[in-house]
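Compute the structure for the input listed below.
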Amino acid sequence: MAEYSYIPQGVCSQRIDFEIEDGKLHNIRFTNGCPGNLKAISKLLEGADARWAAKTLRGNTCGYKSTSCADQLAQAIEQVVDS
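As a prediction, this is how the structure comes out:
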């Protein structure tokens, strides 16, 4: 299983760690941010297809911000699967 870390920009979360195995997401962990929401995102995406998750989360915003922790996760996933 390949492990990845991403430093998000423009959100409260300071780091996103996740694993991908056979195109599926596992062990998504956010450092800081809104704990309840981010734990829920992590649980909901456990075992999900990485490309589907990135497509689904891409463009999600948080309040007045042009991005969100979910959008940042999408960008992190895209960097991995598109490289």
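
What ranges does this protein have for its helices?
Per DSSP state H, the chain carries helices over the ranges 35-45, 50-57, 69-81.

Gly10 versus the spatially most distant residue from the centre of the chain, what's the distance?
Here the chain reaches farthest from its C-alpha mean at Tyr64, the gap being 19.5 Å by C-alpha atoms, centre = their mean. Distance of Tyr64 to Gly10, computed by C-beta to C-beta, to the nearest Å: 11 Å. Backbone N, C-alpha and C define where each C-beta goes, glycine included.

Same check on Phe18?
For Phe18, the distance to Gly10 - C-beta to C-beta - is 19 Å.

Please say which of those two ends up with more neighbours.
Phe18 (23 against 12; other C-beta atoms under 10 Å).

Name the nearest residue to Gly23, sequence neighbours excluded.
Ala50 (5.6 Å; C-beta to C-beta, 6 or more residues apart in numbering).

Now for that neighbour: which residues touch it?
Counting by C-beta atoms under 8 Å, 6 or more residues apart in numbering, Ala50 touches Ile20, Gly23, Lys24, Leu25, Ile77, Val80, Val81.

contacting residues for the most centrally placed residue in the chain?
Relative to the mean C-alpha position of the chain, the nearest C-alpha, by C-alpha atoms, centre = their mean, is the one of Leu73, at 2.3 Å. Going by C-beta under 8 Å, 6+ apart, Leu73 touches Tyr6, Pro8, Ile16, Phe18, Ile28, Phe30, Ile41, Ala53, Ala54, Leu57.

The same query, at a cut-off of 6 Å, please.
Residues near Leu73 by C-beta atoms under 6 Å, 6 or more residues apart in numbering: Ile16, Leu57.

how much space is there between the closest residue to Ser5 other than its chain neighbours and Ala70?
Distance criterion C-beta to C-beta, 6+ apart; nearest residue to Ser5, sequence neighbours excluded, is Asp17 at 5.1 Å. As judged by C-beta to C-beta, Asp17 and Ala70 stand 15 Å apart.
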